[in-house]
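> Here is my input, please return the structure:
(one chain, ligands or ions: 1)
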Amino acid sequence: MSTIRERKDVPVDDQWDLSPLYASPEAWDADFENLKGLSEKIEPLRGTVGRSKADLKTAIDLNTDWDRRAERLGEYAHLRTAENVADGPANERMGRFTALATQVGAAFAFLTPEIQAIDDATWTSWIADPLFNDDRISLEKLRRYKPHILGTEAERVLALGGEARGALQKAFSNLTNADLEFGTVTIDGEEKPLTQSSWSVFLQNPDPDLRKRVFHQFYGEYNAHANTLAALYAGSIQQDVAAARARNFSSSRARALFSDDVPEAVYDNLVSSVHSALPVLHRYYQLRRKLLGLEVLHHCDVYAPLVPGAEMTHTWDQAVDLVVEAVKPLGEGYSRVLGDGLRTQRWADRYENKGKRSGAFSAGCYVSPPYILMNYKQDSLRDVFTLAHEAGHSMHSWHSVRANPFQHYGYTIFEAEVASTFHEQLLAKLLLERTNNKKARAAILGKLIEDTVATLFRQTMFAEFEQQVHVHAEAGGGLTLDFFKQTYRKLLDQYFGPDVVLEDVSALEGLRIPHFYGGFYVYKYATGLSAALALSSRVLQGGDAEREQYLAFLRSGGSRFPLASLKLAGVDMARPEPILSALKVFEGYLNELESLTS
Ligand SMILES: [Zn+2]
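The predicted structure is shown next:
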């Protein structure tokens, strides 16, 4: 067994190169001291924003200047702490930065209300000036909230309740992450603690009896607190409903979708399209029962790997070669940029070390390369896909930075997962082309199928649940434990179909999802994957035009709302076609795995 290295022992070539951000911590310190001076210029601008076009520009420019410089400082501090979360000096810099950012954020608090207070006619004439060319898009995204801004007194009252509004989510998090006690499980004669993170590992165990025990032990604890969980979630829904009504939205869902300018029809269309493919999903569960060799498939059996991992090893260099090769359908130039970034410019921090942040992410800023944090393991096929995924985010950022001013180069979550999942599809295609071995093919297909079930079907079911319980509350219905359980159970029956046996406690899953406290968020995972599957088929089957349209989407960055930028790529998320096309890709994978394993 290899031991995990200390950060100081990691060879330079395995580390990302943060010198484009700062050459040294001392250079960061100097820039930080410099930026502190900016905060003194903020207060004199209070009350001046609506005075004239020039005053508006002065205030916005100062704010942009802060944002741009703070982004660089903050990103360096963030990446240094990610290298080793226990690094004292890195944490100290992060702390200093956060304190300054909070202080400056508070100092700039007058800016948005003063912008909103400018009357419409004045605004229209000012903003048409070429002076605002780079600011116009981000300013208009801000101004569209104007109809939902209340009078000064009402805003003051709403702001007073602001802090308390986070209490429900906090109580849910404390209850589920700290207070619930799940006990221990005996595995192979060894007693192990059952926790939020270990339970998902145990549910992948090949022993069905163990899975069953773990499932019931875990949900038993949720059941013992079911009334509390129901009350917390009810409170969160009531807050969503109240906030929508206070701010003149037609529903809590309309309010949640407003920031991305997504019509509610997109959400309904996702749900109804996925419904049309439920028979295909039910076939997946039949196949799962067969492949796991079970008489009956229980709810606790849906997490075990569909196909045991075939032995496939890829060194880091081999993984990079695969990903760089896989993205060639996006053009030689695209592939070269990524290859240079990973091979010679050291975008990626490759392997695990003591104290390093777990998992993977892509991050960077306007003036830096799009960095990638990995904890790469060469015997994990999943890690090759993770590299492809994060590289998709990085190439999205790379294109967006080059095509947009700082003010609107940032894209939304709605768009982000398209670029990353698109890369995964390209990698899947290359791997399947190169793999004749039946076992390895089945393992790749199994992975693709499970990911699609988890993202497209499951998140849509979650989204449907959120919509049903909010509509019920908006119609004056009571939000009781029984109501939550019945509503969720009906959805489980529908999605799992006749071949999965549910337990009494299965419905408690609906009270266990942290994302529900954000309200109408999870549907974006399903739309993102759908767009990526639809677009990857489109580019792979198409020619130069389809590829150029996809690159135009990447370059769009934050210059449009998500649906408009996806339209550039050639998909209209307001229509059923992209979802149906994605579901067809899923069905294709399933067909092949069925015939491979029959
Ligand atoms: Zn991602």
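> drop to CA atoms for contacts and neighbour counts, all remaining ones
Will do.
> what's in contact with the lowest-mean-pLDDT helix or strand in the chain?
When the helices and strands of the chain are scored by mean pLDDT, DSSP states H and E, helix 152-160 comes last with a mean of 86. Residues outside helix 152-160 that contact it (Cα atoms under 8 Å, 6 or more residues apart in numbering): Ile149.
> what's the helix or strand following it packed up against?
Following helix 152-160 in sequence order, the next helix or strand is helix 167-174 (DSSP states H and E). Applying 3 or more Cα pairs under 8 Å, 6 or more residues apart in numbering; DSSP states H and E, we find helix 167-174 packed against helix 226-246.
> And the helix it packs on, what's buried?
226, 228-238, 240-241, 243-245 (16 or more other Cα atoms under 10 Å).
> for the lengthiest helix in the chain, packing partners?
Secondary structure of the chain per DSSP state H: the longest helix is helix 53-83. If contacts are counted by 3+ Cα pairs under 8 Å, 6+ apart, helix 53-83 sits against helix 25-36, helix 88-107.
> which residues does Val274 contact?
457, 460, 579-580, 583.
> Which is the succeeding secondary structure element to the helix or strand where Gln459 lies?
Assigned by DSSP H and E, Gln459 falls within helix 458-474. As assigned by DSSP H and E, the chain's next helix or strand after helix 458-474 is helix 481-496.
> what residues are up against Tyr409?
Here Tyr409 is in contact with 366, 400-401, 403, 557-559 (criterion: Cα under 8 Å, 6+ apart).
> nearest to Val453, of those residues?
Gly557 (28.5 Å; Cα to Cα).
> ok, that closest one touching Pro405?
No. When contacts are counted by Cα atoms under 8 Å, Gly557 is not listed as touching Pro405 (9.9 Å).
> neighbour-wise, which of those two wins?
Gly557 (28 against 17; other Cα atoms under 10 Å).
> How confident was the prediction at that one?
pLDDT for Gly557: 96.
> And it, how far from Lys524?
Using Cα to Cα, to the nearest Å, one obtains 17 Å as the distance from Gly557 to Lys524.
> Ignoring the adjacent residues along the chain, who's closest to Tyr76?
Among residues not flanking Tyr76 along the chain, Leu21 sits closest, at 6.5 Å (Cα to Cα, 6 or more residues apart in numbering).
> The contacts of Val274 into TSV, with extra columns for distance to Ser506, neighbour count and pLDDT?
Listed next are these as TSV, based on distance: Cα to Cα, whole Å; neighbours: other Cα atoms under 10 Å; pLDDT from 0 to 100:
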residue	distance to Ser506	neighbour count	pLDDT
Phe457	17	22	98
Thr460	18	26	98
Ile579	28	30	96
Leu580	29	19	96
Leu583	26	25	96
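> Just flag the most distant two among those.
Thr460 and Leu580 (13.6 Å).
> Surely Thr48 is in a strand?
No. Counting by DSSP: H, G, I helix; E, B strand; the rest coil, Thr48 is located in no strand; its state is coil.
> pretty sure it contacts Ala54?
No. The criterion here is Cα under 8 Å, and Thr48 misses it with Ala54 at 9.9 Å.
> Which secondary structure elements does the helix or strand where Gln286 lies sit against?
Using DSSP H and E, Gln286 falls within helix 278-291. Helices and strands touching helix 278-291, by 3+ Cα pairs under 8 Å, 6+ apart, are helix 481-496, helix 577-596.
> Switch those helices over to TSV; also include distance to Gln196.
TSV is the format used below for the helices and strands packed on helix 278-291 (distance: least, Cα to Cα, whole Å):
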stretch	distance to Gln196
helix 481-496	21
helix 577-596	30
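> which stretch among those comes nearest Ala532?
The nearest among those, by Cα to Cα, is helix 577-596 at 8.0 Å.
> Any chance you could list what contacts that closest one?
By Cα under 8 Å, 6+ apart, helix 577-596 touches 270, 273-274, 277, 280, 284, 287, 438, 442, 445-446, 448-449, 452, 527, 529-534, 571-573.
> Buried residues of that helix, list them for me.
577-587, 589-590, 593-594.
> Then stretch 362-375?
Buried-residue list, stretch 362-375, by 16+ other Cα under 10 Å: 362-366, 368-375.
> Quick one: mean pLDDT for it?
97.
> Residue numbering should commence at 715 henceforth.
Taking 715 as the first residue, the last one we looked at is stretch 1076-1089.
> State the distance spanning the first to the last residue of that stretch.
So stretch 1076-1089: terminal residues 12 Å apart, Cα to Cα.
> contacting residues around it?
By Cα under 8 Å, 6+ apart, stretch 1076-1089 touches 730, 734-735, 782, 785-786, 789, 1061-1066, 1072-1075, 1101, 1104-1105, 1107-1109, 1111-1112, 1115, 1120, 1123.
> Show me which of the residues you listed are buried.
Here, 16+ other Cα under 10 Å leaves 730, 735, 782, 785-786, 789, 1061-1066, 1074-1075, 1101, 1104-1105, 1107-1109, 1111-1112, 1115, 1120, 1123 buried among the contacts of stretch 1076-1089.
> where does the stretch 915-1064 of the chain have low pLDDT?
Residue ranges of the stretch 915-1064 of the chain with pLDDT under 70: 1024.
> And the strands in it?
1011-1012, 1062-1063 (DSSP state E, counting those that start in this stretch).
> what's the closest of those to Glu806?
Short answer: strand 1062-1063, nearest of these by Cα to Cα, at 21.8 Å.
> Okay, now the sheet partners of the following helix or strand past the closest one, with direction.
The C-terminal neighbour of strand 1062-1063 among helices and strands, as given by DSSP H and E, is strand 1075-1077. Partners of strand 1075-1077 in the sheet, by DSSP bridges, are strand 1085-1087 (antiparallel).
> okay, among the buried residues of stretch 1076-1089, which ones form the most distant pair?
Across those (Cα to Cα), the longest gap, 24.7 Å, separates Tyr1080 and Asn1089.
> In the protein, which residue is most central in space?
Ile1127 (6.0 Å; Cα atoms, centre = their mean).
> Spit out the contact partners of that residue.
Lys1238.
> rerun that using 10 Å as the cut-off
974, 1235, 1238-1239, 1242, 1276 (Cα atoms under 10 Å, 6 or more residues apart in numbering).
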